[in-house]
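**Student:** here are the coordinates; sequence isn't available:
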Ligand code: NAD
């Protein structure tokens, strides 16, 4: 066996009720003026957090938005300067974590992440910002949160319509790494346990959204899957999701959730051993079929047509996705990608 592995500077506190640790953790690091970040929808969560940390809260910026628009980052940066913030605390999903990362990159502000979806961004060094309809992304260890607090109690009210796709978005990060052309054994270990935890917990979360045991399983899985992406690779699956999200504004989590089964089927013969490991973690005999069934169990949105795409959009998406080479276990051609998108549009069994 031969491999290389470099971890990211992760610090994680995980457990029900662990949000209560936030004031002490800020004090321990001498962080005294936090700008609390949220989306407008989660303003109440931001206020609760500000109340929890009391005088350590310098202000709230509640305008976080999907795809981290540069104008929004500039507004948050101005707000941080006005209140003389010495760190940010993001409470929310990948959009809000993404804003904290952007401020870490642009203003050097330490960012603390309190994830309330399963996006897993808090475990990665990937940042993204959108300007004039173009999303720029990169990897930089400075955006890895100073620490993250995973409290499953904060996810009890996450609507089922977000929970299902978000859980599959997390799973995708692990699946692409188990089915990589040269899988890394440490990343695979993280990823397999992440897939297992999500497969176990996600259907139960949809049946009973306030089931704390199931919520804990899925949040734990999201942490591991995010870690796999943080130190791992992406391939055709992420290229397609990035294309559809970036050029057609489809919902990030739904796009991942719908495409995952087809991406797995696309690579299955090229990486048979990894694909079998994914199937084993899911407890099924066929990985792509198992993911397809899981999608139907946990989400009402199961095909690309439901995301508002048209057949003409698929042609353009296939062009854009194959404009530049994409590292992927199975060879990538425009025709094969168009076929994959067509099947996902129709919602066919992969
Ligand atoms: P999101 O952050 O946009 O959240 C979706 C909606 O759910 C928002 O309105 C949010 O306020 C709400 N919400 C979140 N938690 C809630 C809760 N507990 N209760 C009620 N409402 C809640 O969606 P997302 O899928 O978490 O993140 C998507 C974004 O994250 C994309 O822009 C994607 O590119 C990015 N992302 C980045 C990485 C990375 O490594 N950089 C990884 C994954 C996703």
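**Tutor:** That came in fine, so what should we check first? Since the structure is predicted, the reported quantities are computational estimates derived from the model, not experimental observations.
**Student:** for the helix or strand bottoming out on mean pLDDT in the chain, packing partners?
**Tutor:** Here the helix or strand of the chain ranked lowest by mean pLDDT, DSSP states H and E is strand 134-139, holding a mean of 87. When contacts are defined as 3 or more CB pairs under 8 Å, 6 or more residues apart in numbering; DSSP states H and E, strand 134-139 packs onto strand 126-131, helix 236-248. All C-beta spots, glycine's among them, are computed from the backbone N, C-alpha and C.
**Student:** Touching the longest one from outside, list them.
**Tutor:** To tie it back to what came earlier, the one meant is helix 236-248. 67, 130, 134-135, 137, 172, 175-176, 250-252, 255-256, 259-260, 263, 266-267, 304, 307-309, 313, 316-317, 320-321, 326, 328, 330, 332, 337, 340-341 (CB atoms under 8 Å, 6 or more residues apart in numbering).
**Student:** now that helix, how far from the centre of its chain.
**Tutor:** On the basis of CA atoms, centre = their mean, to the nearest Å, helix 236-248 is displaced by 14 Å from the centre of the chain it belongs to.
**Student:** before we move on, what about the shortest one?
**Tutor:** When distances are taken as CA atoms, centre = their mean, strand 126-131 is centred 14 Å away from the chain's centroid.
**Student:** Hey, what's the angle from that strand to helix 236-248? Just curious.
**Tutor:** Taking axes from the mean of the first three to the mean of the last three CA atoms, to 10 degrees, strand 126-131 and helix 236-248 form an angle of 20 degrees between their directions.
**Student:** Of all the residues in strand 126-131, which ones are buried?
**Tutor:** 126, 127, 128, 129, 130 (16 or more other CB atoms under 10 Å).
**Student:** So what pairs up with the second one in the strands?
**Tutor:** In this case it means residue 127. Beta-bridge pairing for residue 127 (DSSP bridges): residue 138.
**Student:** From residue 143, how far out is it?
**Tutor:** Separation of residue 127 from residue 143 (CB to CB, to the nearest Å): 5 Å.
**Student:** do the last one as well
**Tutor:** From residue 130 across to residue 143, the span is 16 Å (CB to CB).
**Student:** Residue 131 too?
**Tutor:** Taken as CB to CB, the span from residue 131 to residue 143 is 17 Å.
**Student:** what do you get for residue 229?
**Tutor:** 13 Å.
**Student:** Those two - which one has more neighbours?
**Tutor:** Using other CB atoms under 10 Å as the criterion, residue 229 and residue 143 rank with residue 229 on top: 27 against 22.
**Student:** Can you pull the phi/psi pair for residue 179?
**Tutor:** The phi and psi values for residue 179, taken as degrees, to the nearest 10, are phi -100, psi 30.
**Student:** Surely it is in contact with residue 266?
**Tutor:** No. Using CB atoms under 8 Å, residue 179 makes no contact with residue 266, being 10.0 Å away.
**Student:** In terms of neighbours, single out the busier of these two.
**Tutor:** Taking other CB under 10 Å, residue 179 and residue 266 do not tie; residue 179 has more neighbours (30 against 26).
**Student:** Before we move on, what's the pLDDT of that one?
**Tutor:** For residue 179, the pLDDT comes out at 98.
**Student:** give the contact list for it.
**Tutor:** 264, 267, 271, 274, 275, 278, 329.
**Student:** is the helix or strand containing residue 72 up against the ligand anywhere?
**Tutor:** Assigned by DSSP states H and E, residue 72 belongs to helix 70-82. No. Contact of helix 70-82 with the ligand (CB under 6 Å from any ligand atom) is absent, the minimum separation being 11.9 Å.
**Student:** how about the residues of the stretch 201-350 of the chain near the ligand?
**Tutor:** 252, 253.
**Student:** Start from the N-terminal end of the stretch 201-350 of the chain and give the helices.
**Tutor:** Under the criterion DSSP state H, counting those that start in this stretch, the stretch 201-350 of the chain carries helices at the ranges 212-231, 236-248, 252-267, 272-282, 287-298, 311-321, 334-346.
**Student:** tell me the most buried of those?
**Tutor:** Compared across those, helix 252-267 shows the largest average neighbour count, a mean of 26 (mean count of other CB atoms under 10 Å).
**Student:** relative orientation of that one and helix 236-248 in degrees?
**Tutor:** Going by the same axes, to 10 degrees, helix 252-267 makes 140 degrees with helix 236-248.
**Student:** please begin residue numbering at 539 from this point
**Tutor:** Sounds good: first residue 539 from here, last item helix 790-805.
**Student:** which other helices and strands contact helix 790-805?
**Tutor:** By 3+ CB pairs under 8 Å, 6+ apart, helix 790-805 packs against helix 698-716, helix 774-786, helix 810-820, helix 825-836, helix 872-884.
**Student:** Quick check: buried residues in the longest one?
**Tutor:** If you call a residue buried by 16+ other CB under 10 Å, then helix 698-716 has these buried ones: 700-716.
**Student:** Report the separation between the closest residue to residue 744 other than its chain neighbours and the ligand.
**Tutor:** Nearest non-adjacent residue to residue 744, counting by CB to CB, 6 or more residues apart in numbering: residue 836, 4.8 Å away. Separation of residue 836 from the ligand (CB to the nearest ligand atom, to the nearest Å): 14 Å.
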